[in-house]
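Q: Task: produce atomic coordinates for the following.
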Amino acid sequence: MIKKGSFLITVLLVGLTTAVFAQKQKVDVLIKNACVFIGDGKDSVFTNVGITAQRISYIGKAVVPAKEVIDGTGKYLAPGFIDPHTHADRWIEDRNRQEMLAWLYQGVTTVFAGNDGFGPYQIAEKQKLYEEIGMGTNFAFFVGFGPVRDNVLGKMNVQPTSAQLNEMKLLVENGMKEGALGFSTGLIYLPQMYSKSKEIKELYNTAAKYGAVYDTHMRSEGNKILESVDEVLNIGAKTALPLHISHLKITGENNWGEAQKVVDKINEARANGVNLTANQYPFIASMTSFKATIMPAWAQEGGNERTLKRLNNPEDLERIKASLAKRNDEGYQRIVLMSNISRLKKYTGKSVYQIAQETNQTCVDAAIEILKTAITISSVNFGMSEEDIVTFMKQPWVMTGSDGGGLHPRTYSTFTKIIEEYVQKKKVLSMSWAIHRATGLTATTFNIKDRGFIKEGYFADLIVFDPNNVKTRSTFEKPEQYAQGMDYVFVNGEKAIDKGKSTGKLVGQFIKK
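A: Model prediction:
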């Protein structure tokens, strides 16, 4: 028999404990009744998620007290997407686009930049600048091979001496000490194209001492892609650290169908203990500078000024024309020029073949004229097949990466296109796996701490969306169209997208390794 006094004490203690529990669990924002994807590739669960300040502070079935409650009924809650390959530094440094809306409207909360070997080695300097400007998303950098080589050797086709190689190593080491994610190369770009594997390996070994990832745009994505994969494996040999191939693809119609051979080679390496992964975007067209697309390497030596001199030198011009003539009319139909510079608008959206027809020239002569008047113009090259894209997409070691930053739909809709087309329509990927390859897989591969998963204590980079409302609006004709479908996007616990609209908040953080 319970005595009246002891019963009252028990009730008071229980009430006090409950009050303390409720006070302890009170959160700033509670997202309830959503279908929650943790980011690990497993099936979703129904649970409630609370945010306090910058972090995920509660995961559970109970509806805890909150300053704001978001009803996620019928919607998905997932970690914010992480984009491992961008040129978004152009957007930040524009100072008019630092909200990073092209990414936020897709649900991307963290971007990496400095890919293709374009990253700085003065990481601390970039951090100071970006924190001063403000960022709509979180931001991280790779040290780029290009600036390192250019600083020491210039843009010439030369090989480093031992002293020069040591000088380059010091620059790489500086970037790693200041917090770079890894070492990045773009081996089709000036002056990186003149390097040999030994030089790259020496520099990566320097970066590897700091746990760096080797991220590469390989020398070839077409005729010599298998040899290029071998080079990646050779550069990363004996480091036991992650190797990563950016925008994995097969280019050139004569190479279509070769994706499985690449997959087999990579799977063999992975079976032997090599930590090799890749990212891809779901489009059949790539984008880079027009010059890099068609010009032979020797003609680019020394930079744009020297290239223009060669274009105006009769002897050099004939050599360049002979190289350009190796591409037929159909090949030039696949190359479409893109620029938002007003004086170059006459070229934008037109193929080289179309321009040649309009000006009554051969494609080679039209290409030469374009180079002479617009040496910095970009081009979109429709050189890939849907079948190869899907072959790569199905691999468990391939994640989503946009290569965004320019006038291409991949900047505005890479992640939403995966959901809309390859999950919802074509059923190539499950929703859980599509989210994993854009969150947990990327965070784990690049060792990003406390992001990429929905776990208590992790940063509250979160997205809430109805998959049926996710739409890709960007096209090659009109690329600058934001995606739609994200109801809420939280960056470090703050709403960057609220009920489908930007809040204008610049709450991104600079992420260092």
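
Q: Now do residue 371 against residue 349, distance only.
A: Remark: distance between residue 371 and residue 349 (Cβ to Cβ, to the nearest Å) = 18 Å. The C-beta positions use only the backbone N, C-alpha and C, and glycine is treated the same way.

Q: neighbour-wise, which of those two wins?
A: Neighbour count, other Cβ atoms under 10 Å: between residue 371 and residue 349, residue 371 has more, with 22 against 17.

Q: Which residue is the nearest non-sequential neighbour of the more buried one?
A: residue 311 (6.0 Å; Cβ to Cβ, 6 or more residues apart in numbering).

Q: My guess is that neighbour contacts residue 321. True?
A: No: using Cβ atoms under 8 Å, residue 311 is not in contact with residue 321, being 9.9 Å away.

Q: Touching both of these two, which residues are there?
A: Counting by Cβ atoms under 8 Å, 6 or more residues apart in numbering, the common neighbours of residue 311 and residue 321 are residue 368.

Q: More neighbours: these two, which one.
A: residue 311 (18 against 15).

Q: Show the contacting residues for the more buried one.
A: So residue 311 contacts 317, 320, 368, 371-372 (Cβ under 8 Å, 6+ apart).

Q: Buried only: go through those residues for me.
A: Among the contacts of residue 311, those buried by neighbour count (16 or more other Cβ atoms under 10 Å) are 320, 368, 371.

Q: Which of the residues you listed fall in helices?
A: Counting by DSSP state H, the members of the buried ones among the contacts of residue 311 that fall within helices are 320, 368, 371.

Q: closest to residue 31 among those?
A: Ranked by distance to residue 31 (Cβ to Cβ), those are led by residue 371 at 52.7 Å.

Q: How about residue 416: what's its closest non-neighbour residue?
A: Closest to residue 416 by Cβ to Cβ, 6+ apart is residue 483, at 4.0 Å.

Q: I'd like the distance between that neighbour and residue 314.
A: Distance from residue 483 to residue 314, counting by Cβ to Cβ: 49 Å.

Q: and if you look at residue 428?
A: Residue 428 is 52 Å from residue 314, by Cβ to Cβ.

Q: Let me see the contact set for residue 181.
A: 112, 140-142, 212-213, 215, 446-447, 511, 513.

Q: rerun at 10 Å
A: The contact partners of residue 181, taken as Cβ atoms under 10 Å, 6 or more residues apart in numbering, are 84, 112-114, 119, 123, 140-143, 175, 207, 211-213, 215, 244, 446-448, 511-513.

Q: for residue 422, same thing?
A: Contacts of residue 422 by Cβ under 10 Å, 6+ apart are 282, 389-390, 393-394, 400, 428-429, 434.

Q: Pull out the buried members of those.
A: 282, 389, 393, 400, 428-429, 434.

Q: In strands, which of these appear?
A: Of the buried ones among the contacts of residue 422, the ones assigned to strands by DSSP state E are residue 400.

Q: about what we covered before: give me the more crowded residue out of residue 483 and residue 314.
A: Set residue 483 next to residue 314 and count neighbours by other Cβ under 10 Å: residue 483 wins out with 27 against 6.

Q: Distance-wise, check that one relative to residue 448.
A: In terms of Cβ to Cβ, residue 483 sits 23 Å off from residue 448.

Q: How about residue 193?
A: Taken as Cβ to Cβ, the span from residue 193 to residue 448 is 30 Å.

Q: correct me, but residue 255 touches residue 228?
A: No: using Cβ atoms under 10 Å as the test, residue 255 is too far from residue 228 to be in contact (12.0 Å).

Q: okay, and the common contacts of those two?
A: 220-222.

Q: could you dump the residues you listed to a markdown table with pLDDT, distance to residue 438 and secondary structure?
A: Formatted as a markdown table, these follow (pLDDT from 0 to 100; distance: Cβ to Cβ, whole Å; DSSP: H, G, I helix; E, B strand; the rest coil):
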| residue | pLDDT | distance to residue 438 | secondary structure |
| --- | --- | --- | --- |
| 220 | 96 | 27 | coil |
| 221 | 97 | 22 | coil |
| 222 | 95 | 27 | coil |
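
Q: Which one (most neighbours) among these?
A: residue 221 (23 neighbours).

Q: How much space separates it from residue 229?
A: 10 Å.

Q: Identify the contacts common to these two.
A: Common neighbours of residue 221 and residue 229 (Cβ under 10 Å, 6+ apart) are 245, 248, 262.

Q: Least confident secondary structure element in this protein?
A: Scoring the helices and strands of the chain by mean pLDDT, DSSP states H and E places helix 4-25 at the bottom, with a mean of 44.

Q: For the helix or strand just after that helix, what is the distance to the chain centroid?
A: Using DSSP states H and E, the helix or strand that follows helix 4-25 in sequence is strand 27-36. Here strand 27-36 is found 28 Å from its chain centre; the criterion is Cα atoms, centre = their mean, to the nearest Å.

Q: helices or strands next to strand 27-36 in the packing?
A: strand 45-52, strand 55-60, strand 66-71, strand 76-79, strand 462-465, strand 486-491, strand 494-498 (3 or more Cβ pairs under 10 Å, 6 or more residues apart in numbering; DSSP states H and E).

Q: again, only this time at 8 Å
A: Under the contact criterion of 3 or more Cβ pairs under 8 Å, 6 or more residues apart in numbering; DSSP states H and E, strand 27-36 touches strand 45-52, strand 55-60, strand 66-71, strand 76-79, strand 462-465.

Q: tell me the contacts of the residue nearest the centre of the chain?
A: For the chain, residue 85 is the residue whose C-alpha lies nearest the centre (Cα atoms, centre = their mean; 2.2 Å). Neighbouring residues of residue 85 by Cβ under 8 Å, 6+ apart: 112, 115, 215, 246-247, 279, 401-403.

Q: I'd like to know how far the residue nearest to residue 231 when sequence neighbours are not counted sits from residue 230.
A: Among residues not flanking residue 231 along the chain, residue 197 sits closest, at 5.5 Å (Cβ to Cβ, 6+ apart). Applying Cβ to Cβ, the value for residue 197 to residue 230 is 10 Å.

Q: try residue 210
A: Distance of residue 210 to residue 230, computed by Cβ to Cβ: 26 Å.

Q: which one of those two has more residues nearby?
A: Neighbour count, other Cβ under 10 Å: between residue 210 and residue 230, residue 210 has more, with 18 against 15.

Q: how about the nearest residue to the more buried one, chain neighbours excluded?
A: residue 176 (3.9 Å).

Q: so after the helix or strand that that neighbour is a member of, what's the next helix or strand?
A: If you go by DSSP H and E, residue 176 is part of helix 162-177. With elements assigned by DSSP H and E, the helix or strand that comes after helix 162-177 is strand 182-186.

Q: Farthest pair within the contacts of residue 85?
A: Top of the distance list for the contacts of residue 85 (Cβ to Cβ): 215 and 402, 14.2 Å.

Q: Please name the residues that touch residue 378.
A: By Cβ under 8 Å, 6+ apart, the neighbours of residue 378 are 287-290, 337-339, 406-407.
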